[in-house]
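Asker: Just a sequence and a predicted model for now, questions to come.
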Amino acid sequence: MIALAYPVNKVDWTDDVRKFADESLAIAREQDGIEGAMAFRDPSTGDSFTLILYRDQAALDSAQANTEAAEATQKAAREFGIDVAAMQPRVFTEVIAYL
């Protein structure tokens, strides 16, 4: 399993942004190779991140090659005031604990 974490800083979590997050996770749920996706937020700072779990490297590569979906997501994020340039994902390839 491979995890991809997208940090999103200082977002005003309005109902519209929550709806965007819910819709984005629903789309991710339908993608082949995605084992799970979650969005987290610290209400005291406004910082948040999205964590997407991929079955394997091939699933991650396939998702990253889907530029049309990525561009649509980035466009929608910008409409909600999310700093897309700051969303530099980190990839975690080693599972050290699993429940």
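Answerer: In hand now; what should we look at?

Asker: Would you mind listing the buried residues in the least confident helix or strand in the chain by mean pLDDT?
Answerer: Lowest on mean pLDDT, DSSP states H and E among the helices and strands of the chain sits helix 67-79, with a mean of 72. Under the neighbour-count criterion of 16 or more other CB atoms under 10 Å, helix 67-79 has 73, 77 buried. Glycine gets a C-beta too; all of them are placed from N, C-alpha and C.

Asker: So which elements touch it?
Answerer: Using 3 or more CB pairs under 8 Å, 6 or more residues apart in numbering; DSSP states H and E, the elements in contact with helix 67-79 are helix 15-30.

Asker: report the angle between the axes of the helix it packs on and helix 67-79?
Answerer: Our comparison of helix 15-30 with helix 67-79, counting by axes from the mean of the first three to the mean of the last three CA atoms, to 10 degrees, yields an angle of 170 degrees.

Asker: Make residue 1 into 292 and carry on from there
Answerer: OK, 292 is where the count begins now, so the last one is helix 306-321.
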